[in-house]
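Student: let's see this in three dimensions:
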Amino acid sequence: MNKQKVNINKLYNSNSNSDNTSSFIRLITALLKNKWALFSMFWLLFIILVAVFASEISPLDPNKNHIMERVSPPLTLDKNGNMKYLIGSDALGRDSLSRLIYGAQVSLTVGFSAVFIGGIIGILLGVLAGYYGRLTDDIIMRLADIQLAFPFILLAILFLVVLGEGLINLILVLGVGQWVTYARIARAQTISQKEKEYVEAAKALGVNNFSIMFGSILPNIFAPLIVIASFNVASVILAEAALSFLGLGVPPQIPTWGAMLAESRDHIFAKRWWMPFFPGMAILLTVLAFNIVGDWLRDYLDPRLKEIE
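Tutor: As a prediction, this is how the structure comes out:
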């Protein structure tokens, strides 16, 4: 009898590994067929590597001032003829490339962290609202409606003024601002899933509600939540750039793409195009890449949506 159980387990594990391998191959094949998604993946991987190894690849100290070399144009050489400012310097003579590299750290850290916090809060509340319904659903959804009644940027500015600047405060404010989207999707998906046979079977077997919600229902509603997360990373990066542009992001000594744009606004009409161009392009390409990957994930996980379009 034990021998039969071992053989069954081996067979189950081998089938599971085979399914995982085939799913991964299908994923890679679908990605290779979509050139825009593939390019976006490469760009995001490049930006992530730049952020991780910023201290190793940064040519200069991003906060070191060279007042005599302020607003140097791209391809500026030093006295020995070596390249010093590949994409120019800012109004304080700081290397724009080094600040751009370190700015990737802030943008990605804020983007991923805020989406993680918002996702955890939203999924938890959404599943609870969808599963229990009635009073629980009413309370959670009314809280969501109240938050949606206020412009997000206005709320973010209000809380940052109260809490003060800082990376942690920025992540918390942006993270809390994202929970409503996840809550609504998780609620709708949970309502549709809780009437299915596998949930009824789990209840008949005496499985507790917590295990049903987060052990049975949640894995089956995860796909649309992943798609929304990819879009939300892009929106959070844009929000961080906007708040940094307004001077409400991280402290001034920490380089960010939004702060670089804010510092360059007085030089736009002075024909110093490189100052706003490079941080602007970094924001544009990164946000666009996340949106393209989100579109591709949506089509891959639910091909019916592509047919409708």
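
Student: residue nearest the centroid of this protein?
Tutor: Val233 (2.3 Å; C-alpha atoms, centre = their mean).

Student: what count of nearby residues applies to the nearest residue to that residue once chain neighbours are set aside?
Tutor: With C-beta to C-beta, 6 or more residues apart in numbering as the measure, Gly111 is the residue that lies nearest to Val233, at 4.4 Å, once sequence neighbours are left out. Heads up, the C-betas are built off the backbone N, CA and C, glycines and all. When neighbours are counted by other C-beta atoms under 10 Å, Gly111 registers 24.

Student: just the element for Gly111, please.
Tutor: Using DSSP states H and E, Gly111 sits within helix 96-132.

Student: may I see the buried residues of that helix?
Tutor: Buried residues in helix 96-132, counted by 16 or more other C-beta atoms under 10 Å: 96-115, 117-119, 121-131.

Student: what sits up against whichever helix or strand comes after that helix?
Tutor: The C-terminal neighbour of helix 96-132 among helices and strands, as given by DSSP H and E, is helix 134-148. The set of residues that contact helix 134-148 without belonging to it, under C-beta atoms under 8 Å, 6 or more residues apart in numbering, is 125-126, 128-130, 155, 177, 179-180, 183-184, 187.

Student: how about a cut-off of 7 Å?
Tutor: Residues external to helix 134-148 that are found in contact with it (C-beta atoms under 7 Å, 6 or more residues apart in numbering): 125, 128-129, 180, 183-184.

Student: quick check, nearest of the residues you listed to Ala149?
Tutor: For Ala149, the nearest member of the contacts of helix 134-148 is Val180. The distance, counting by C-beta to C-beta, is 10.8 Å.

Student: before we move on, back to that, how far off centre is the helix holding Gly111?
Tutor: Computed by C-alpha atoms, centre = their mean, to the nearest Å, the separation of helix 96-132 from the middle of its chain amounts to 5 Å.

Student: what angle do that helix and helix 134-148 make?
Tutor: Taking axes from the mean of the first three to the mean of the last three C-alpha atoms, to 10 degrees, one finds that helix 96-132 is oriented at 150 degrees with respect to helix 134-148.

Student: average pLDDT across helix 96-132?
Tutor: Helix 96-132 shows a mean pLDDT of 92.

Student: elements contacting it?
Tutor: Taking 3 or more C-beta pairs under 7 Å, 6 or more residues apart in numbering; DSSP states H and E as contact, the helices and strands that helix 96-132 lies on are helix 35-52, helix 54-57, helix 134-148, helix 167-176, helix 179-193, helix 222-245, helix 257-264, helix 274-301.

Student: right, and these - which one's nearest Met213?
Tutor: Across the helices and strands packed on helix 96-132, Met213 has its closest neighbour in helix 179-193 (7.5 Å, C-beta to C-beta).

Student: tell me which residues of the following helix or strand past the closest one come out buried.
Tutor: Sequence-wise, the next helix or strand downstream of helix 179-193 (DSSP H and E) is helix 197-204. Of the residues in helix 197-204, those scored as buried under the neighbour-count criterion (16+ other C-beta under 10 Å) are 199, 202.

Student: what are the contacting residues of helix 197-204?
Tutor: Contacting residues not belonging to helix 197-204 are listed as 193, 212, 216-217 [C-beta under 7 Å, 6+ apart].
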